[in-house]
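Asks: Mind looking at a prediction? Sequence and model below.
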Amino acid sequence: MRKIDLHDKPLFIALLLLNIGSGITTISGAMHLFPKGLGLFTGLAVQILLFLLLTRLAVKERPFRKWTAVCILTCLSVYTSFFAYYTTLNAENSISQRYSYAVAAHQKLVHDIYTPLETRLGQLQSEKQLLEARKQAEFTGKGITLEPGYGEETEKIIKQIYSVEQKIARLTPIVNRLEPLFNYSTQGLAADSILDKDRIAFSALPREKLPAAYQGKSSLDEQDYFLPGSRISFLEPFYRIQQRDVTAFASITFALMTDGMIILLGTAAGPPQRIRPFEVLANCIASTITGAKSAWMTVAKASRRKPSAFNTVPKAERENLRDGVNLVTIRLQGRGSAFLEEFYNTIAPETGIIDYDRLRLNANTTFAIGYRILLDSLRSPHLRWVGNQGGQWYVTEDSYTPLMTWLCREMAYQCEEENQQTASDEYYASMRNIPIHIPEPF
């Protein structure tokens with residue numbers, strides 16, 4: 001090993017400290033991707049090799065191989081450091097978003113599968129009570145026939161009661177068995193745990209009781225419970241940057257600045273290079289010739305380019321400005337997530353028909369009014385996701401997918417807002433302004 005020049009010692013100390021800091025984030029990010037032992041070894045290996053190469057303690061005679069290795073190791077360091085910075089800067093929001101997304105999927109499963117069974121059982125029990133009252137009225141002479149005792153009408157009612165009791169007897173054990181499997185507390189559970197519990201509940205349901213939307217499914221889909229990109233750790237940086245996540249941009253910037261500074265200091269470390277006057281002159285002449293050729297090519301290309309009007313916005317910028325968001329405020333008595341979930345359930349996936357009567361006759365009058373406002377907003381001339389023909393509301397052609405995507409995101413947003421509120425049921429029983437983010441291209 002060569003002797004370090006005395007004047008380089010402060011530089012080497014600064015480089016060592018930067019490598020230690022970068023090594024901590026590299027190891028932390030590698031442990032996010034790999035098991036702890038493998039992540040620790042990988043992070044240490046990357047940072048130690050990078051330090052040895054930049055301080056010229058290794059690969060002194062092979063510059064091409066050396067700088068190729070430096071570029072690869074720097075990319076690995078920046079990539080793994082991203083996870084450390086992003087996890088630190090966005091820990092609470094990331095956990096909350098994933099939790100809200102999983103809870104929304106669980107609530108939809110309960111609403112689609114368990115709630116109809118529970119509602120049906122309640123209807124049968126109410127029907128039995130009504131039939132019992134009619135039977136008693138017939139027996140006492142206060143019924144339809146006005147004849148006391150067991151007549152033909154009474155025997156007919158008894159048969160109806162027996163039929164209802166048989167249905168109740170078949171449905172009650174199913175509901176009792178499914179109740180603890182579906183109605184569990186999600187407080188403090190991770191998305192994986194919620195998915196596992198819902199899969200157990202789904203498998204316990206008799207196949208003939210499954211709604212049409214779940215027929216043919218052997219298990220629940222993971223993508224319904226996890227945010228897009230959150231299950232693919234290797235691709236998460238690219239997904240977050242593609243989504244224009246500010247925290248992701250900050251994380252990648254910190255990682256690039258740290259490793260970029262290490263490379264800059266590494267190139268300055270070591271003994272000064274001997275200056276050769278002829279090489280300096282040759283490089284100067286070569287740079288001048290290259291610059292002149294580049295300038296000529298630029299002028300020639302500009303002369304062949306088709307002229308455009310002044311103040312013309314480029315096509316790419318016009319497309320980027322095309323999407324906007326219109327904030328519609330609706331006064332509701334209840335949860336915004338429940339409002340959107342009910343709207344979601346009224347849309348038939350096969351035909352796109354919207355059950356407007358169900359929306360209009362909602363027991364919550366604020367919901368009924370809010371649905372009309374929501375439909376008018378989605379029907380706006382600039383959006384046209386829904387339409388109305390002869391009083392029948394429907395999802396327009398090619399709009400089902402964007403409408404469902406928007407609904408899922410908006411429900412997840414409403415769930416997140418409600419989780420942050422941590423308010424009691426009395427709070428949601430009062431009238432409140434609920435903001436709904438309506439996409440509105442212009």
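Replies: Arrived safely, thanks for sending.

Asks: I'd like the average pLDDT over the helix or strand hosting Leu17.
Replies: Assigned by DSSP states H and E, Leu17 belongs to helix 9-33. Across helix 9-33, pLDDT averages out at 80.

Asks: Mind giving me the packing neighbours of that helix?
Replies: If contacts are counted by 3 or more C-beta pairs under 8 Å, 6 or more residues apart in numbering; DSSP states H and E, helix 9-33 sits against helix 36-54, helix 63-89, helix 246-268. In short, each C-beta sits where N, CA and C put it, glycine included.

Asks: As JSON lines, the ones you listed with mean neighbour count would be great.
Replies: Below are these laid out as JSON lines (neighbours: other C-beta atoms under 10 Å):
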{"stretch": "helix 36-54", "mean neighbour count": "18"}
{"stretch": "helix 63-89", "mean neighbour count": "18"}
{"stretch": "helix 246-268", "mean neighbour count": "17"}
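
Asks: JSON lines for those helices, including mean pLDDT?
Replies: Shown next, in JSON lines, are the helices and strands packed on helix 9-33 (pLDDT from 0 to 100):
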{"stretch": "helix 36-54", "mean pLDDT": "82"}
{"stretch": "helix 63-89", "mean pLDDT": "81"}
{"stretch": "helix 246-268", "mean pLDDT": "78"}
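
Asks: With distance to Thr365 added, can I get those in CSV?
Replies: What follows is those, written out as CSV (distance: least, C-beta to C-beta, whole Å):
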stretch, distance to Thr365
helix 36-54, 56
helix 63-89, 44
helix 246-268, 40
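
Asks: pretty sure Trp385 contacts Leu403?
Replies: Yes: in this structure, Trp385 is within contact of Leu403 by C-beta atoms under 8 Å, at 4.9 Å.

Asks: shared neighbours, the two?
Replies: Leu378, Val395 (C-beta atoms under 8 Å, 6 or more residues apart in numbering).

Asks: circling back: tell me which residues of the helix holding Leu17 come out buried.
Replies: 11-12, 15, 18-19, 22-23, 25-33 (16 or more other C-beta atoms under 10 Å).

Asks: now the strands for this protein?
Replies: Assigned by DSSP state E, the chain shows strands spanning 325-333, 386-389, 392-395, 431-439.

Asks: Give me the buried positions along the second one.
Replies: It stands for strand 386-389. Val386, Gly387.

Asks: Just checking: what are the partner strands of it?
Replies: strand 392-395 (antiparallel) (DSSP bridges).

Asks: Which helix in this structure has the most residues?
Replies: Looking across the chain with DSSP state H, the single longest helix is helix 152-182.

Asks: Check what contacts stretch 179-193 and list those residues.
Replies: 98-99, 101-103, 106, 109-110, 113-114, 118, 194, 197, 200-201, 204, 225-226.

Asks: now these: which count as buried?
Replies: 98-99, 101-103, 106, 109-110, 113-114, 118, 194, 197, 201, 225-226.

Asks: Narrow the residues you listed to those in helices?
Replies: Arg98, Tyr99, Tyr101, Ala102, Val103, His106, Leu109, Glu118, Ile194, Lys197, Ala201.

Asks: thought the fourth one was touching Phe226?
Replies: I take that to be Ala102. Yes: using C-beta under 8 Å, Ala102 is in contact with Phe226, at 7.2 Å.

Asks: joint contacts of the two?
Replies: By C-beta under 8 Å, 6+ apart, the residues touching both Ala102 and Phe226 are Ala191, Leu195.

Asks: List the contacts of the closest residue to Phe182 other than its chain neighbours.
Replies: Spatial nearest neighbour of Phe182, chain neighbours left out: Tyr114 (4.1 Å); criterion: C-beta to C-beta, 6 or more residues apart in numbering. Residues in contact with Tyr114 (C-beta under 8 Å, 6+ apart) are Val175, Leu178, Glu179, Phe182, Asn183, Ala201.

Asks: per-residue confidence at the second one?
Replies: If I follow you right, that is Leu178. Per the predicted model, pLDDT is 85 at Leu178.

Asks: Report how many residues lie close to it.
Replies: 21 (other C-beta atoms under 10 Å).

Asks: ok, the closest residue in space to it that isn't next to it in sequence to Tyr344 distance?
Replies: Closest residue to Leu178 apart from its sequence neighbours, by C-beta to C-beta, 6+ apart: Tyr114 at 5.7 Å. For Tyr114, the distance to Tyr344 equals 17 Å [C-beta to C-beta, to the nearest Å].

Asks: Next: Asn176.
Replies: Using C-beta to C-beta, Asn176 is found at 28 Å from Tyr344.

Asks: With Ile72 instead?
Replies: 47 Å.

Asks: now Leu53
Replies: 56 Å.

Asks: got it, and His106?
Replies: 15 Å.

Asks: so the helix holding Leu17 versus helix 36-54, what angle?
Replies: Per axes from the mean of the first three to the mean of the last three C-alpha atoms, to 10 degrees, the angle that helix 9-33 makes with helix 36-54 is 150 degrees.

Asks: Okay, angle between helix 9-33 and helix 246-268 too, please.
Replies: Orientation of helix 9-33 against helix 246-268 (the same axes, to 10 degrees) gives an angle of 140 degrees.

Asks: Pass me the low-pLDDT residue ranges in the stretch 151-300 of the chain, would you?
Replies: Within the stretch 151-300 of the chain, the stretches with pLDDT under 70 are 227-235, 266-284, 286-287, 290-291, 293-300.
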